[in-house]
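Trainee: got a predicted structure here, sequence first:
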Amino acid sequence: MILFFYGPNEYLLTRKLRELKDRYQKSSGGNFDLINLEGSELTYEKFSSQVQAMALFASTRLVIIENIFSAPKEVQEKIKGFLEKVSQSTVVIFVQRGEPDKRLGLYKVLNKPKISQHFQNISDDKIPDFILNETISRGGKITRQSAQYLFQNLGNDFWRISNEIDKLVTYRQNEEIRREDVDLLVSKNLTSNVFLMIDDLVRGNKGRALMELKKLYLNNEPPLKILGAINYQVRVIAQIVDSGASENAFALSKKIGLQYFQVKNSIDLCKTLARQDVALIYDRLLYCDRSIKTGKIEPEEGLKELILSF
(Lines give C-alpha, C1' and ligand atoms only; values in the text may rest on other atoms or scores of the structure.)
Protein backbone atom coordinates (compact mmCIF):
# COMPACT_ATOMS: atom_id res chain seq x y z
CA MET A 1 0.00 0.00 0.00
CA ILE A 2 1.18 3.51 -0.81
CA LEU A 3 0.03 6.70 0.97
CA PHE A 4 1.02 10.31 0.39
CA PHE A 5 0.60 12.97 3.09
CA TYR A 6 1.45 16.57 2.29
CA GLY A 7 0.54 20.17 3.03
CA PRO A 8 1.35 23.17 5.23
CA ASN A 9 -0.66 22.17 8.32
CA GLU A 10 2.13 20.67 10.39
CA TYR A 11 -0.14 19.83 13.31
CA LEU A 12 -2.79 17.86 11.40
CA LEU A 13 -0.22 16.05 9.26
CA THR A 14 1.89 15.03 12.25
CA ARG A 15 -1.16 13.89 14.18
CA LYS A 16 -2.34 11.69 11.31
CA LEU A 17 1.13 10.18 10.97
CA ARG A 18 1.29 9.55 14.70
CA GLU A 19 -2.11 7.82 14.67
CA LEU A 20 -0.98 5.41 11.95
CA LYS A 21 2.31 4.71 13.70
CA ASP A 22 0.53 4.05 17.01
CA ARG A 23 -1.93 1.73 15.29
CA TYR A 24 0.91 -0.13 13.61
CA GLN A 25 2.88 -0.49 16.84
CA LYS A 26 -0.14 -1.91 18.65
CA SER A 27 -0.90 -4.44 15.92
CA SER A 28 2.74 -5.49 15.41
CA GLY A 29 3.79 -5.37 19.05
CA GLY A 30 6.69 -2.96 18.57
CA ASN A 31 8.92 -1.03 16.18
CA PHE A 32 10.80 -3.93 14.62
CA ASP A 33 9.49 -3.41 11.09
CA LEU A 34 8.86 0.34 11.29
CA ILE A 35 11.38 2.18 9.14
CA ASN A 36 11.91 5.96 9.01
CA LEU A 37 13.85 7.43 6.07
CA GLU A 38 14.76 11.05 5.30
CA GLY A 39 14.32 12.27 1.72
CA SER A 40 17.46 14.39 1.66
CA GLU A 41 19.54 11.28 2.50
CA LEU A 42 17.59 8.84 0.36
CA THR A 43 19.19 6.74 -2.37
CA TYR A 44 17.35 4.54 -4.80
CA GLU A 45 19.15 1.46 -3.45
CA LYS A 46 18.08 2.25 0.13
CA PHE A 47 14.49 2.82 -0.96
CA SER A 48 14.16 -0.34 -3.06
CA SER A 49 15.78 -2.58 -0.44
CA GLN A 50 13.50 -1.31 2.34
CA VAL A 51 10.21 -1.53 0.43
CA GLN A 52 10.97 -4.97 -0.98
CA ALA A 53 12.15 -6.53 2.27
CA MET A 54 9.85 -9.02 3.95
CA ALA A 55 8.51 -8.38 7.44
CA LEU A 56 10.48 -10.27 10.10
CA PHE A 57 8.44 -9.86 13.27
CA ALA A 58 5.04 -8.68 12.01
CA SER A 59 2.66 -9.35 9.13
CA THR A 60 3.46 -5.97 7.54
CA ARG A 61 6.25 -3.40 7.34
CA LEU A 62 5.70 0.34 7.68
CA VAL A 63 8.16 2.57 5.80
CA ILE A 64 7.84 6.34 6.31
CA ILE A 65 9.79 8.64 4.02
CA GLU A 66 9.91 12.21 5.33
CA ASN A 67 10.31 15.15 2.95
CA ILE A 68 10.32 12.95 -0.12
CA PHE A 69 10.81 15.89 -2.50
CA SER A 70 14.12 16.69 -0.83
CA ALA A 71 15.47 13.55 -2.50
CA PRO A 72 17.61 14.09 -5.63
CA LYS A 73 15.57 14.39 -8.82
CA GLU A 74 17.10 11.24 -10.30
CA VAL A 75 16.09 9.27 -7.18
CA GLN A 76 12.53 10.60 -7.44
CA GLU A 77 12.34 9.51 -11.07
CA LYS A 78 13.53 5.98 -10.26
CA ILE A 79 11.07 5.72 -7.33
CA LYS A 80 8.23 6.79 -9.64
CA GLY A 81 8.92 3.82 -11.89
CA PHE A 82 9.32 1.40 -8.98
CA LEU A 83 6.07 2.04 -7.09
CA GLU A 84 4.22 -0.89 -8.68
CA LYS A 85 6.90 -3.26 -7.36
CA VAL A 86 6.35 -2.37 -3.70
CA SER A 87 5.81 -5.54 -1.66
CA GLN A 88 2.18 -6.32 -0.76
CA SER A 89 3.23 -6.71 2.87
CA THR A 90 4.68 -3.18 3.03
CA VAL A 91 2.94 0.14 3.68
CA VAL A 92 4.94 3.08 2.32
CA ILE A 93 3.98 6.58 3.49
CA PHE A 94 5.52 9.45 1.53
CA VAL A 95 5.48 12.67 3.57
CA GLN A 96 6.04 16.24 2.43
CA ARG A 97 5.63 19.05 4.95
CA GLY A 98 4.55 22.09 3.00
CA GLU A 99 3.40 22.42 -0.59
CA PRO A 100 5.48 20.44 -3.12
CA ASP A 101 6.21 21.50 -6.67
CA LYS A 102 3.13 20.18 -8.46
CA ARG A 103 5.05 19.95 -11.74
CA LEU A 104 7.18 17.08 -10.45
CA GLY A 105 6.53 13.68 -11.98
CA LEU A 106 6.54 11.86 -8.65
CA TYR A 107 3.97 14.31 -7.24
CA LYS A 108 1.64 13.64 -10.18
CA VAL A 109 1.91 9.88 -9.62
CA LEU A 110 1.33 10.14 -5.84
CA ASN A 111 -1.44 12.74 -5.91
CA LYS A 112 -4.26 10.31 -6.63
CA PRO A 113 -7.58 9.60 -4.85
CA LYS A 114 -7.31 7.06 -2.00
CA ILE A 115 -3.53 7.60 -1.93
CA SER A 116 -2.97 11.27 -1.14
CA GLN A 117 -4.22 13.45 1.69
CA HIS A 118 -3.71 17.21 1.62
CA PHE A 119 -3.36 18.84 5.05
CA GLN A 120 -4.35 22.43 4.43
CA ASN A 121 -4.13 25.35 6.83
CA ILE A 122 -7.33 26.20 8.67
CA SER A 123 -8.42 29.80 8.20
CA ASP A 124 -8.69 31.85 11.39
CA ASP A 125 -12.47 32.19 11.12
CA LYS A 126 -12.78 28.37 11.15
CA ILE A 127 -10.51 27.72 14.16
CA PRO A 128 -13.31 28.13 16.78
CA ASP A 129 -15.20 25.36 14.95
CA PHE A 130 -12.03 23.26 15.01
CA ILE A 131 -11.77 23.81 18.79
CA LEU A 132 -15.44 22.91 19.23
CA ASN A 133 -15.11 19.66 17.26
CA GLU A 134 -11.80 18.70 18.90
CA THR A 135 -13.28 19.20 22.35
CA ILE A 136 -16.28 17.02 21.54
CA SER A 137 -14.05 14.31 20.02
CA ARG A 138 -12.13 14.16 23.31
CA GLY A 139 -15.28 13.70 25.38
CA GLY A 140 -15.66 17.34 26.43
CA LYS A 141 -18.33 19.99 26.07
CA ILE A 142 -17.82 23.62 25.08
CA THR A 143 -19.97 26.43 23.69
CA ARG A 144 -18.92 28.22 20.53
CA GLN A 145 -18.50 31.40 22.58
CA SER A 146 -15.99 29.66 24.87
CA ALA A 147 -14.25 28.14 21.85
CA GLN A 148 -13.97 31.62 20.35
CA TYR A 149 -12.54 32.94 23.63
CA LEU A 150 -9.96 30.14 23.75
CA PHE A 151 -8.96 31.00 20.18
CA GLN A 152 -8.61 34.67 21.12
CA ASN A 153 -6.15 33.68 23.84
CA LEU A 154 -4.10 31.19 21.80
CA GLY A 155 -4.32 32.32 18.19
CA ASN A 156 -3.56 29.65 15.57
CA ASP A 157 -0.98 27.67 17.56
CA PHE A 158 -2.57 24.24 17.03
CA TRP A 159 -0.12 22.38 19.25
CA ARG A 160 -0.93 24.64 22.18
CA ILE A 161 -4.65 24.56 21.39
CA SER A 162 -4.53 20.76 21.55
CA ASN A 163 -2.72 20.74 24.90
CA GLU A 164 -5.08 23.31 26.41
CA ILE A 165 -8.17 21.39 25.22
CA ASP A 166 -6.86 18.26 26.96
CA LYS A 167 -6.27 20.28 30.14
CA LEU A 168 -9.74 21.85 30.06
CA VAL A 169 -11.55 18.57 29.28
CA THR A 170 -9.77 16.84 32.17
CA TYR A 171 -10.61 19.69 34.54
CA ARG A 172 -14.30 19.94 33.66
CA GLN A 173 -14.79 16.18 33.08
CA ASN A 174 -18.42 15.82 31.96
CA GLU A 175 -19.34 19.47 32.47
CA GLU A 176 -19.29 22.27 29.93
CA ILE A 177 -16.08 24.29 29.59
CA ARG A 178 -16.74 27.93 30.45
CA ARG A 179 -14.93 31.19 29.83
CA GLU A 180 -13.93 31.28 33.50
CA ASP A 181 -12.19 27.90 33.07
CA VAL A 182 -10.12 29.33 30.24
CA ASP A 183 -9.16 32.28 32.46
CA LEU A 184 -8.23 29.91 35.28
CA LEU A 185 -6.24 27.27 33.40
CA VAL A 186 -4.93 28.76 30.17
CA SER A 187 -1.80 30.87 30.37
CA LYS A 188 -2.33 33.83 28.09
CA ASN A 189 0.48 34.77 25.76
CA LEU A 190 2.04 38.22 25.77
CA THR A 191 -0.13 39.47 22.90
CA SER A 192 -3.35 38.42 24.66
CA ASN A 193 -2.40 40.12 27.92
CA VAL A 194 -1.39 43.32 26.14
CA PHE A 195 -4.63 43.39 24.17
CA LEU A 196 -6.64 43.06 27.38
CA MET A 197 -4.54 45.83 28.94
CA ILE A 198 -5.21 48.22 26.05
CA ASP A 199 -8.88 47.26 25.99
CA ASP A 200 -9.13 48.13 29.69
CA LEU A 201 -7.32 51.43 29.14
CA VAL A 202 -9.52 52.55 26.27
CA ARG A 203 -12.59 51.69 28.32
CA GLY A 204 -11.26 53.66 31.29
CA ASN A 205 -10.39 50.76 33.60
CA LYS A 206 -6.84 51.62 34.72
CA GLY A 207 -7.01 49.29 37.72
CA ARG A 208 -7.56 46.19 35.60
CA ALA A 209 -4.89 47.36 33.15
CA LEU A 210 -2.38 47.56 36.00
CA MET A 211 -3.40 44.03 37.03
CA GLU A 212 -2.67 42.77 33.51
CA LEU A 213 0.73 44.48 33.68
CA LYS A 214 1.42 42.76 37.01
CA LYS A 215 0.53 39.38 35.47
CA LEU A 216 3.09 39.99 32.73
CA TYR A 217 5.77 40.77 35.30
CA LEU A 218 4.85 37.57 37.19
CA ASN A 219 5.37 35.69 33.90
CA ASN A 220 8.88 37.22 33.77
CA GLU A 221 8.13 39.28 30.66
CA PRO A 222 10.80 42.03 30.26
CA PRO A 223 9.40 45.60 30.37
CA LEU A 224 10.87 46.54 26.99
CA LYS A 225 9.31 43.45 25.41
CA ILE A 226 5.95 44.50 26.91
CA LEU A 227 6.43 47.98 25.50
CA GLY A 228 7.16 46.51 22.07
CA ALA A 229 4.00 44.40 22.25
CA ILE A 230 1.95 47.47 23.21
CA ASN A 231 3.43 49.35 20.26
CA TYR A 232 2.54 46.49 17.90
CA GLN A 233 -1.05 46.26 19.20
CA VAL A 234 -1.53 50.03 18.85
CA ARG A 235 -0.31 49.75 15.22
CA VAL A 236 -2.94 47.05 14.61
CA ILE A 237 -5.62 49.30 16.10
CA ALA A 238 -4.42 52.23 13.98
CA GLN A 239 -4.65 50.14 10.78
CA ILE A 240 -8.17 49.01 11.60
CA VAL A 241 -9.38 52.50 12.54
CA ASP A 242 -7.79 53.98 9.42
CA SER A 243 -9.37 51.33 7.18
CA GLY A 244 -12.85 51.50 8.67
CA ALA A 245 -13.75 49.46 11.73
CA SER A 246 -17.34 49.10 10.52
CA GLU A 247 -16.33 46.52 7.90
CA ASN A 248 -16.68 42.75 8.28
CA ALA A 249 -13.71 41.37 10.24
CA PHE A 250 -12.84 38.71 7.66
CA ALA A 251 -12.99 41.16 4.73
CA LEU A 252 -11.01 43.74 6.67
CA SER A 253 -8.27 41.24 7.57
CA LYS A 254 -7.79 40.51 3.87
CA LYS A 255 -7.83 44.20 3.00
CA ILE A 256 -5.12 45.29 5.44
CA GLY A 257 -3.09 42.07 5.54
CA LEU A 258 -3.62 41.12 9.18
CA GLN A 259 -4.63 37.77 10.61
CA TYR A 260 -8.36 37.32 11.10
CA PHE A 261 -8.15 36.78 14.86
CA GLN A 262 -6.20 40.03 15.29
CA VAL A 263 -8.93 42.00 13.53
CA LYS A 264 -11.76 40.03 15.17
CA ASN A 265 -10.35 40.70 18.64
CA SER A 266 -9.83 44.41 18.02
CA ILE A 267 -12.67 45.53 15.77
CA ASP A 268 -15.26 46.20 18.50
CA LEU A 269 -12.73 48.23 20.46
CA CYS A 270 -11.76 50.18 17.34
CA LYS A 271 -15.37 51.20 16.74
CA THR A 272 -15.13 53.35 19.90
CA LEU A 273 -12.00 55.17 18.68
CA ALA A 274 -11.51 58.06 16.29
CA ARG A 275 -8.25 58.79 14.48
CA GLN A 276 -7.42 61.58 16.93
CA ASP A 277 -7.80 59.10 19.82
CA VAL A 278 -5.26 56.77 18.21
CA ALA A 279 -2.93 59.73 17.56
CA LEU A 280 -3.11 60.67 21.26
CA ILE A 281 -2.30 57.06 22.28
CA TYR A 282 0.70 57.14 19.93
CA ASP A 283 1.93 60.39 21.51
CA ARG A 284 1.79 58.88 24.99
CA LEU A 285 3.47 55.70 23.79
CA LEU A 286 6.24 57.64 22.04
CA TYR A 287 6.89 59.75 25.14
CA CYS A 288 7.12 56.59 27.30
CA ASP A 289 9.44 54.88 24.82
CA ARG A 290 11.74 57.90 24.58
CA SER A 291 11.83 58.42 28.36
CA ILE A 292 12.79 54.80 29.01
CA LYS A 293 15.41 54.55 26.27
CA THR A 294 17.09 57.83 27.26
CA GLY A 295 17.29 56.76 30.88
CA LYS A 296 14.94 59.43 32.22
CA ILE A 297 12.77 56.80 33.86
CA GLU A 298 13.06 53.12 34.78
CA PRO A 299 11.14 50.79 32.41
CA GLU A 300 8.73 49.50 35.09
CA GLU A 301 7.89 53.03 36.23
CA GLY A 302 7.55 54.21 32.63
CA LEU A 303 4.97 51.52 31.82
CA LYS A 304 3.05 52.34 34.99
CA GLU A 305 3.00 56.07 34.06
CA LEU A 306 1.87 55.17 30.54
CA ILE A 307 -1.14 53.35 31.96
CA LEU A 308 -1.97 56.08 34.46
CA SER A 309 -1.75 58.74 31.72
CA PHE A 310 -4.87 57.40 30.00
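Mentor: Thanks, I have it.

Trainee: okay, now the unreliable bits of the stretch 51-200 of the chain?
Mentor: 55-58, 188-189 (pLDDT under 70).

Trainee: and Ile65, what helix or strand is that in?
Mentor: Assigned by DSSP states H and E, Ile65 belongs to strand 61-66.

Trainee: who touches that strand?
Mentor: 17, 20-21, 24, 33-39, 42, 47, 50-51, 53-55, 87, 89-95, 97 (C-beta atoms under 8 Å, 6 or more residues apart in numbering). No exception for glycine: its C-beta is placed from N, CA and C like everyone else's.

Trainee: so Leu3 sits in a helix?
Mentor: No. Leu3 sits outside any helix when classified using DSSP: H, G, I helix; E, B strand; the rest coil, being strand.

Trainee: just give the closest residue to it, not the sequence neighbours.
Mentor: Ile93 (4.6 Å; C-beta to C-beta, 6 or more residues apart in numbering).

Trainee: what's the answer for Leu42, then?
Mentor: Ala71 (4.4 Å).

Trainee: show me the contacts for the one you found.
Mentor: So Ala71 contacts 39-40, 42, 79 (C-beta under 8 Å, 6+ apart).

Trainee: any idea how many residues pack against Thr294?
Mentor: 8 (other C-beta atoms under 10 Å).

Trainee: tell me the spacing between it and Leu213.
Mentor: 22 Å (C-beta to C-beta, to the nearest Å).

Trainee: ok, now Lys80?
Mentor: 59 Å.

Trainee: more crowded one of these two?
Mentor: Leu213 (23 against 15).

Trainee: so how far is Ser48 from the residue positioned nearest the centre of the chain?
Mentor: For the chain, the residue nearest the mean C-alpha position is Asp157 (2.5 Å; C-alpha atoms, centre = their mean). According to C-beta to C-beta, Asp157 and Ser48 sit 40 Å apart.

Trainee: mind checking which helix or strand the closest residue to Tyr44 other than its chain neighbours is in?
Mentor: In this structure, Tyr44 finds its nearest non-sequential neighbour in Lys78, 4.4 Å apart by C-beta to C-beta, 6+ apart. Element membership of Lys78, judged by DSSP H and E, is helix 73-82.

Trainee: with adjacent residues omitted, what lies nearest to Ile177?
Mentor: Ile142 (4.2 Å).

Trainee: let me know how buried the one you found is, in neighbour terms.
Mentor: The number of residues near Ile142, taken as other C-beta under 10 Å, comes to 26.

Trainee: surely it is in contact with Asp181?
Mentor: No. Here Ile142 does not reach Asp181: they are 9.1 Å apart, not a contact under C-beta atoms under 8 Å.

Trainee: quick check: neighbours shared by these two?
Mentor: Joint contacts of Ile142 and Asp181 (C-beta under 8 Å, 6+ apart) are Leu168.
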